Structures are given as structure tokens and as C-alpha cells.
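In: Predicted structure and sequence below. I'll ask about it afterward.
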Amino acid sequence: MLYTKGHGTGNDFVIVPDPDGALLLTPERVARLCDRRFGIGADGVLRVVRAAKDADGAAFAADAEWFMDYRNSDGSIAEMCGNGVRVFARYLIASGLATPGPEGLPVATRAGVVVALVEGDEIRVHMRSPRVYAASTAAVGPLTFPGVAVDCGNPHLVCVLHDGLELPSLDLSTPPGHDPALFTAGVNVEFVVPREPVDGADLHVAMRVHERGSGETLSCGSGALAVGAAALRDAGLATGVVAVDVLGGRLTVTHDEADRWWLAGPAVLVASGEVLD
Ligand SMILES: N[C@@H](CCC[C@H](N)C(=O)O)C(=O)O
């Protein structure tokens, strides 16, 4: 099995080409590939398959040739991966499997079709609109944080830290407690603090994330989208640009006048090889 390794702001992926859907990618195999000691090491796997050749992708085959089959590092399946989709688009282009048209490159995901636009080192993706829909809480050790549930195709819980609490003080080595009745399929939890204004953005925040199925990661693109949506809402802004600092760099979330949501950030391929096991 051939692979390429890539990352978006340090959220890293093993990319596995499987154009005709011939590969049997069991949860155990995914977990082995993602193991940082016994495998290649990654936060997740991106299987590159023609939409028409995949049971979940087929519904989108009329609108996108390629389906991003995303798996978390524990082998579980997720609907969306905002960093993954940029790295996936970078891989399609670099490997000659796709060429972006004037409107960009459509990529099918379990949460629908998104469109990627290459802008030098960055890739900007027209994402599915995030939906802020409920209040909830997350627990970290003895602390309970109020937050809001945000649906980005995959589930998120965004908690803004108060009382001068800073991000490094949180122990995210185990999953934050959450309401299983609201998040029946688990949840990605983002913790957020405001930051000083930066050029080109209406709002600037920093976040840490504990991802469902992968643990704490250096970045989560759909999480940044959820954070951007919650931040604009809290600020009373209908549209705007939010700079979201993650441990692995910076992502930019934009809600434009045409009611489109964009996620922008780097997408880097770092190595290719063959899996021997
Ligand atoms: N890191 C991703 C999100 C990956 C999926 C997530 N862990 C889930 O289970 O929903 C991103 O960049 O969005």
C-alpha cells in the first residue's frame, strides 16, 4: 500500500490512494497506520477514492469526482475534517489526479461536497455552513465550562474560558466530559480565549482542541470553523473574518456577504512511501 504523509497546521494525516475502492481499511489497520511508535503516525487517515466507487461517496458522485473517506486515529469514521480536506485537495493536485477548475476543486465528504481553492501555500475551502444550536457544558478535571454546540457536519462543543484562565492550564490528556444525550455520537471540544487584534481579521482568538477519536491535536479545521461561528455570534457580527490560532499555526474563518463560510490555512505534503505491514 502506497501512502503520502501531510498536515494542515500540524493536524497530520496518512493519505492512502484507493481510486477504485479496492482497499479493505479496517479500524485496526487505521489505528496501526496512525500509531506514532508502531506505524507511520498521524491524527487520521484520508482514503482517496472515486466518489462513485464508495458506498458513502456515491450520493455525491454527480458533483465531485473524489471522496475523502476520513478516519480518526482510533479507526472511527467522521463526517468532516477541515484540515484534512485541504490536505486531500493538495494531494489530488500534486499527484495529478485532479485539476481545479475556474470554480475550484469539489471534494465529497460524508457531510456533503465542499470546494477547495488553491492560493499558493494556503488552500481556502468553501465549507458547509456551521450551525450553533444548543448550550451545553464540558468538564476538565474539577472544572466545568459553559459552551455552545456547533454542527459543522461533525459535532463540536465550543467553550470560551473566563476568569483569566489560560489555555496551557488545561489538561486535555483525557476526553473532556460532555452531555451524552446531546452528543450521542461523541463530540470534538474546543477551548477558546480572546487574543489581541491582528491585521486582516475582525476577531482574533486562540484555541486548543480535544478531538473525538484522536485525542488532543495541534489543530482542527472544522473546530476552527465552529469557533469562528461562535465568536462572530458572540460579537454580534453577521459576517466577518476570524483569525483562529491553534497550537500548530493559524487558520482563518470567513463568513462573507453571500452567506458563504470559508476555512483557509496551509496544506503541506511531507513524505511518500510504501506501507510494508
Ligand atoms: N481534525 C479534523 C476533524 C477530524 C474529525 C473529528 N475528530 C471528528 O471525529 O469529528 C478537522 O480538521 O476538522
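Out: Now that the structure is in, tell me what you want to look at. Residues are numbered from 1 along each chain as shown.
In: Please name every helix or strand in contact with the strand or helix carrying residue 216.
Out: Assigned by DSSP states H and E, residue 216 belongs to strand 215-217. Applying 3 or more CB pairs under 8 Å, 6 or more residues apart in numbering; DSSP states H and E, we find strand 215-217 packed against strand 203-211. In this view, the C-beta of every residue, glycine as well, is placed from N, C-alpha and C.
In: so which strand or helix has residue 28?
Out: Under the criterion of DSSP H and E, residue 28 resides in helix 27-34.
In: For the ligand, see how far away residue 190 is.
Out: 11 Å (CB to the nearest ligand atom, to the nearest Å).
In: picking that back up, would you mark the buried spots in the helix holding residue 28?
Out: If you call a residue buried by 16 or more other CB atoms under 10 Å, then helix 27-34 has these buried ones: 29, 30, 31, 33, 34.
In: Repeat that for stretch 122-140.
Out: 123, 124, 125, 126, 127, 128, 130, 132, 136, 138, 140.
In: Nearest spatial neighbour of residue 75, chain-adjacent residues omitted?
Out: residue 27 (2.7 Å; CB to CB, 6 or more residues apart in numbering).
In: Let me see the confidence value for that neighbour.
Out: Per-residue confidence (pLDDT) for residue 27: 98.
In: OK, contacts around it?
Out: 71, 74, 75, 76 (CB atoms under 8 Å, 6 or more residues apart in numbering).
In: all helices of this protein, in order?
Out: Secondary structure of the chain by DSSP state H: the helices cover 27-34, 82-94, 221-234.
In: wait, residue 247 sits on residue 208?
Out: Yes. Here residue 247 reaches residue 208: they are 6.5 Å apart, a contact under CB atoms under 8 Å.
In: Pick out whichever of those two has more residues nearby.
Out: A direct count of neighbours by other CB atoms under 10 Å for residue 247 and residue 208 places residue 208 higher, at 23 against 17.
In: how close does the more buried one sit to the ligand?
Out: 13 Å.
In: Okay, and the beta partners of that residue?
Out: residue 191 (DSSP bridges).
In: was I right about it contacting residue 172?
Out: Yes. Assessed by CB under 8 Å, residue 208 is found in contact with residue 172 at 6.2 Å.
In: overlap in contacts of those two?
Out: Listed as contacting both residue 208 and residue 172 by CB under 8 Å, 6+ apart are 191, 216.
In: all strands for the stretch 51-200 of the chain, in order.
Out: With strands called from DSSP state E, counting those that start in this stretch, the stretch 51-200 of the chain shows them at 66-72, 105-109, 112-119, 122-127, 131-140, 143-151, 155-160, 188-194.
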